[in-house]
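Chemist: task: produce atomic coordinates for the following.
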Amino acid sequence: MYNNYVFNLYGTLIDIETNEEKDEIWEKFAIYYGYNGAHYEKEELKEKYYSIVNKLIKMNSKYECPDYEIEDVFFKLYKDKGIKPKKKAKQAAKTFRLLSTETIRLYDGVMETLERLTAEGKKIYLLSNAQKAFANSEIKYLGIKKYFDGICISSDVGIRKPDTKFYEYFIEKEQLEPKDTLFIGNDYIDLKGANDMGIDSLYIHSNLSSGQPEDVTSKYKILDGDIRKIFDVI
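Modeler: Numbering: from 1, shown residues only. Okay, the predicted model is just below:
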């Protein structure tokens, strides 16, 4: 058994479906911004949003897999209309996520697994390609934040998986011993960086996994999505 268990978030612990392309989302979000004094047409807002995202990614292009902070996007959307955002950008991020989220829940067995690992004295960590503005609210909402001994989100660091620099940053920050650590994820990008660093990994096939399980390199595999089987396979 390992002492450190590092989980991916979406597709591993959380089953989520979002859709940011629906016209009605941008229509409502344009009204929301208008309520706060920043008036946009629906298409103008959508175009400006993606333009800012692309610029922020390019600003961080020194990394192989750069990331950005979503609140900076909403901040700029206000600023470009002459509005001083203050706390408005953080609230805009939550509103946007709410409008674009169609379903969100924990996978079966997640709470049971985290509770058992905690009871056995294991350290539990989160390493995820995610936006902190979204992820923090969602892990609180689903009641799992209390289980993590450390949380590392790509938007905070400016690097995404599978860039090994993201894993290196995390391992150093939490002072983990690689040989005593297991990375758990539902996609090859979750595990590639760990594999490249010689750290053991476990693949869980879920409804959000891409590609075929046989194409994923990992020491362990759970093909039916039952996270509780962690205790059986390692």
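Chemist: Three-state assignment for the closest residue to V157 other than its chain neighbours, please.
Modeler: Residue nearest to V157 in three dimensions, not counting chain neighbours: Y169, with 5.7 Å by CB to CB, 6 or more residues apart in numbering. In short, each C-beta sits where N, CA and C put it, glycine included. At Y169 the chain is in helix, as set by DSSP: H, G, I helix; E, B strand; the rest coil.
Chemist: roughly how far does Y169 sit from I25?
Modeler: Taking CB to CB, to the nearest Å as the measure, Y169 falls 33 Å from I25.
Chemist: same check, this time on N4
Modeler: 39 Å.
Chemist: try K173
Modeler: Look at K173 and I25: by CB to CB, they are 35 Å apart.
Chemist: of the two, who's got more company?
Modeler: I25 (18 against 12; other CB atoms under 10 Å).
Chemist: what sits against the more buried one?
Modeler: Residues in contact with I25 (CB atoms under 8 Å, 6 or more residues apart in numbering) are N19, F96, L99, S100.
Chemist: buried ones in stretch 165-180, by neighbour count?
Modeler: K165, F166, Y167, Y169, F170, I171, E174, L176 (16 or more other CB atoms under 10 Å).
Chemist: can you select the buried ones from the contacts of I25 in PyMOL?
Modeler: To isolate the buried subset of these in PyMOL, counting by 16+ other CB under 10 Å, use the following:
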select buried, resi 96+99+100
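Chemist: where along this structure do the strands fall?
Modeler: Secondary structure of the chain (DSSP state E): strands at 4-7, 14-18, 101-106, 123-128, 150-153, 181-185, 201-204, 220-222.
Chemist: just the CA atoms of the first one, as CSV, please.
Modeler: Included here for strand 4-7 are C-alpha records, laid out as CSV according to Å, rounded to 0.1, in the frame of the first residue of the first chain:
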residue,chain,number,x,y,z
ASN,A,4,0.1,9.2,-0.6
TYR,A,5,-2.9,9.0,-2.9
VAL,A,6,-3.2,11.8,-5.5
PHE,A,7,-6.5,12.0,-7.4
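Chemist: quick one on the thing from earlier: so which of the buried residues of stretch 165-180 comes closest to G37?
Modeler: Distance to G37 across these (CB to CB) is lowest for F166, with 37.3 Å.
Chemist: I figured that closest one hits I159, correct?
Modeler: Yes - with contact defined as CB atoms under 8 Å, F166 and I159 form a contacting pair (4.2 Å).
Chemist: from S155, how far out is I184?
Modeler: In terms of CB to CB, I184 sits 21 Å off from S155.
Chemist: typed the wrong thing, it's D15
Modeler: From D15 to S155 the distance is 21 Å (CB to CB).
Chemist: ok, the two, which is more surrounded?
Modeler: Shown here are D15 and S155; by other CB under 10 Å, S155 has more neighbours (21 against 18).
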